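>>> Could you look at this predicted model? Sequence included:
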Amino acid sequence: MSGANATTPVMTDAPVVPEAPVPEAPVPEAPTMSVPAAAPGTAGPPCEYARLRVEQPVVKALLPNGETGWLISRYEDARAAFADPRLTRPLLSAWPPREDAQAPPPCLPTFLEMTGEHHNRVRRTVLPMFGRRKLDFMAPRIRSMAEGLVDAMVAAADSSGGPVDLVEAFVDPLPLMVLCETTGIPHEDRATYLPHTLALLGAAGLTMEEVLAALYALQDYAVGLIARKEHEIDAGTGGTGAGDGDTGTGAGDDYICQLLRESRREGSELIRDDVVSFVVTMLMAGYKTNIQHTGNAMLALLTHPAQLQRLRDDPDTIDSAVEELLRYVPLMNAINILVALEDFTLHGQHIRAGDAVLPVIASANRDPDAFTDPDGLDLSRTPNAHTAFGHGPHYCTGANLTRMQLAIALRVLLERLPGLELAVPADTLPWDETTPLRAPARLPVRW
């Protein structure tokens with residue numbers, strides 16, 4: 001049979017065999033793209049995010065470690081994701097999940113990975129230590145460190161008669177000095193813990209074995225440091241690194257010793273393992289990010305001479321300048337990993353339980369729906385509700401210390417070196433692009 005009657009049934013005496021059900025068409029997989037990369041010789045954010053915010057605000061992307069995740073590029077969506085109870089931060093040592101029954105146990109969670117009541121009770125104890133008033137004792141210490149580094153820069157310039165590398169002389173050493181002075185992590189141990197810290201900052205491109213090796217080594221260092229601090233406390237000699245935060249006298253214990261004493265107090269919400277987690281968290285989150293941001297902030301200022309001059313003319317505007325530099329310079333390029341606890345849909349994309357979700361701070365802070373002229377540097381921008389420190393329950397514990405450090409560093413450099421300028425064209429600068437925390441490897445300057 002053919003033509004118009006081709007579908008007419010034929011009557012026979014044979015039993016009717018029911019037709020097999022037609023299977024439902026499978027839901028097509030969302031196309032996968034690579035995580036956008038910043039242009040060589042820049043900190044980012046990648047230009048591709050401008051298109052994604054308009055056309056694909058939620059898009060599946062291939063991560064450097066071979067896993068996939070949903071990139072969220074708009075400001076409102078990224079901000080909401082950080083506070084969404086349907087999304088949780090996975091343990092770095094247990095993500096992506098392994099089905100291998102012989103997989104080693106995960107490490108202790110950092111503060112970024114703690115959840116529920118555990119996170120709440122630890123945060124209740126630690127967060128007040130990083131409040132603005134509690135950190136007042138650090139302001140004169142940071143200024144002293146910064147001025148000492150500038151003294152050395154001036155001496156080096158006088159000796160050589162040439163430019164000085166601002167990264168090597170100032171940007172690189174200051175954040176670690178501040179971190180060690182505040183927390184009580186020994187600066188002299190840096191050859192032990194820094195290699196593991198730096199390895200973990202590139203964790204998205206590491207194998208699980210490499211991630212675990214670095215995490216175990218960092219945790220082992222923290223456990224050993226805690227044991228030393230406990231011995232010092234028991235001997236009455238420990239904890240002279242930080243002040244009490246109220247008087248600024250410097251008479252109190254460093255933060256590690258304060259937390260250890262609290263963990264020993266009857267009825268305390270803190271346990272010894274939480275202090276170990278504190279050390280690991282500070283090393284992972286409070287060191288290289290500040291180097292990267294300070295270097296890029298200085299480059300931004302040195303390549304915007306009119307705005308830099310206005311800051312020199314009115315140094316009282318440094319606080320607002322710091323907020324704009326935190327917005328403008330991308331602290332993170334798509335390395336904030338959350339995991340969905342349940343299925344939900346966002347902008348037409350079906351996100352399943354277990355999927356990775358990546359709110360991109362670097363893109364959110366350049367969203368024109370949230371900021372006027374988002375790609376422009378405006379040191380007087382107000383309001384400036386950037387997401388450099390995240391949002392919600394995991395808002396960065398050390399945000400106030402970072403702000404203080406950058407503000408004092410800028411003030412000291414502007415006061416002591418009023419003619420500071422790049423000694424080479426900006427487009428000839430070498431860059432450190434070995435981790436997502438991209439930054440200039442050198443900043444030759446003169447004054």
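Received it, and whenever you're ready, just let me know what you need. Numbering: from 1, shown residues only.
>>> After the longest helix seen in the chain, which helix or strand is next? Please name it.
Taking DSSP state H as the assignment, the helix of the chain that covers the most residues is helix 208-235. Proceeding C-terminally, helix 208-235 gives way to helix 255-264 as the next helix or strand, assigned by DSSP states H and E.
>>> Now do the buried residues in that next one.
255-263 (16 or more other C-beta atoms under 10 Å). Heads up, the C-betas are built off the backbone N, CA and C, glycines and all.
>>> How far off centre is the helix or strand that it is followed by?
Next helix or strand after helix 255-264 toward the C-terminus (DSSP H and E): helix 272-285. The chain centroid and the centroid of helix 272-285 are separated by 15 Å, computed with C-alpha atoms, centre = their mean, to the nearest Å.
>>> Just to be sure, Val412 is in a strand?
No: secondary structure of Val412 (DSSP: H, G, I helix; E, B strand; the rest coil): helix, not part of a strand.
>>> Tell me the pLDDT of it.
With respect to pLDDT, Val412 has a value of 98.
>>> Could you report the separation of Met129 from Met138?
Met129 sits 11 Å away from Met138, taking C-beta to C-beta, to the nearest Å as the criterion.
>>> ah, wrong one, I meant Glu269
Distance check for Glu269 against Met138: by C-beta to C-beta, it reads 25 Å.
>>> Also Thr382?
Noted for Thr382: a distance of 26 Å to Met138, by C-beta to C-beta.
>>> Kindly report the same for Asn365.
Counting by C-beta to C-beta, the gap from Asn365 to Met138 is 26 Å.
>>> repeat for Arg442
Remark: distance between Arg442 and Met138 (C-beta to C-beta) = 28 Å.
>>> ok, these two, which is more surrounded?
When Arg442 is set against Met138 and neighbours are counted by other C-beta atoms under 10 Å, the residue ahead is Met138, at 23 against 17.
>>> Go ahead and confirm the more buried one touches Asn400.
No: contact between Met138 and Asn400 fails when scored by C-beta atoms under 8 Å: they sit 9.7 Å apart.
>>> Which is the succeeding secondary structure element to the helix or strand of the chain with the lowest mean pLDDT?
For the chain, the helix or strand with the lowest mean confidence is strand 32-34, at a mean of 89 (criterion: mean pLDDT, DSSP states H and E). Using DSSP H and E, the helix or strand that directly follows strand 32-34 along the chain is helix 48-55.
>>> distance between that next one and the chain's centre?
Averaging C-alpha coordinates over helix 48-55 and over its chain gives two centres that are 22 Å apart (C-alpha atoms, centre = their mean).
>>> other SSEs contacting that helix?
helix 361-364 (3 or more C-beta pairs under 8 Å, 6 or more residues apart in numbering; DSSP states H and E).
>>> Tell me how confident the model is about the helix it packs on, as a mean pLDDT.
Averaged over helix 361-364, pLDDT sits at 95.
>>> Neighbours of the nearest residue to Arg143 once chain neighbours are set aside, how many?
Using C-beta to C-beta, 6 or more residues apart in numbering and skipping residues adjacent in sequence, the residue nearest Arg143 is Ile408, 5.4 Å away. By the criterion of other C-beta under 10 Å, Ile408 has 24 neighbours.
>>> any idea which helix or strand carries Ile408?
Applying DSSP H and E, one finds Ile408 within helix 399-416.
>>> strands paired with the next helix or strand after that helix, and their directions?
Once the chain leaves helix 399-416, the next helix or strand it forms, by DSSP H and E, is strand 421-422. Applying DSSP bridges, strand 421-422 is found paired with strand 444-446 (antiparallel).
>>> Next, the buried residues of the partner strand.
The neighbour-count criterion (16+ other C-beta under 10 Å) identifies 444-445 as the buried residues of strand 444-446.
>>> Please compute how far that strand lies from its chain's middle.
Centre to centre, stretch against its chain (C-alpha atoms, centre = their mean), the figure for strand 444-446 is 28 Å.
>>> Quick check: mean pLDDT of that strand?
Summarised as a single mean, pLDDT over strand 444-446 is 98.
>>> so what pLDDT did Pro97 get?
In the prediction, the pLDDT value recorded for Pro97 is 81.
>>> so it sits in a helix?
No: counting by three-state DSSP, Pro97 is not found in a helix; it is coil.
>>> now the end-to-end length of stretch 299-317.
19 Å (C-alpha to C-alpha, to the nearest Å).
>>> Actually, stretch 85-95.
For stretch 85-95, by C-alpha to C-alpha, the gap between its terminal residues amounts to 19 Å.
>>> Can you mark which positions in it are buried?
Neighbour counts using 16+ other C-beta under 10 Å place 87, 89-95 of stretch 85-95 among the buried residues.
>>> show me the contacts for the nearest residue to His386 once chain neighbours are set aside.
Leaving aside its sequence neighbours, His386 sits nearest to Arg327 (C-beta to C-beta, 6+ apart; 3.6 Å). The neighbours of Arg327, taking C-beta atoms under 8 Å, 6 or more residues apart in numbering as the test, are 365, 371, 381, 384, 386, 388.
>>> Run a quick neighbour tally on the third one.
Taking other C-beta under 10 Å as the neighbour definition, Arg381 ends up with a count of 19.
>>> The residue lying closest to it once chain neighbours are set aside: which element?
Of all residues beyond its chain neighbours, the one nearest Arg381 is Glu324 (4.9 Å), with distances taken as C-beta to C-beta, 6+ apart. Using DSSP H and E, the secondary-structure element containing Glu324 is helix 318-328.
>>> Name the next helix or strand downstream of that helix, please.
Following helix 318-328 in sequence order, the next helix or strand is strand 338-340 (DSSP H and E).
>>> how near is Ala370 to His304?
With the distance defined as C-beta to C-beta, Ala370 ends up 21 Å from His304.
>>> Arg51: neighbour count?
Other residues within reach of Arg51, judged by other C-beta under 10 Å, total 12.
>>> Could you report the pLDDT at it?
We have a pLDDT of 97 for Arg51.
>>> repeat for Pro195
Pro195 is assigned 92 on the pLDDT scale.
>>> Pro440 is in contact with Trp431, correct?
Yes: counting by C-beta under 8 Å, a contact exists between Trp431 and Pro440, whose distance comes to 5.8 Å.
>>> sorry, back to before: can you give the contact residues for the least confident helix or strand of the chain?
The set of residues that contact strand 32-34 without belonging to it, under C-beta under 8 Å, 6+ apart, is 59-62, 68.
>>> among the residues you listed, which ones are buried?
Among these, those that count as buried by neighbour count (16+ other C-beta under 10 Å) are 59-61, 68.
>>> in this structure, which ranges drop under the pLDDT threshold?
Counting by pLDDT under 70, the chain contains low-confidence residues at 1-31, 100-103, 202-205, 238-252, 332-334.
>>> Excluding sequence neighbours, find me the nearest residue to Asp172.
Of all residues beyond its chain neighbours, the one nearest Asp172 is Ile291 (5.7 Å), with distances taken as C-beta to C-beta, 6+ apart.
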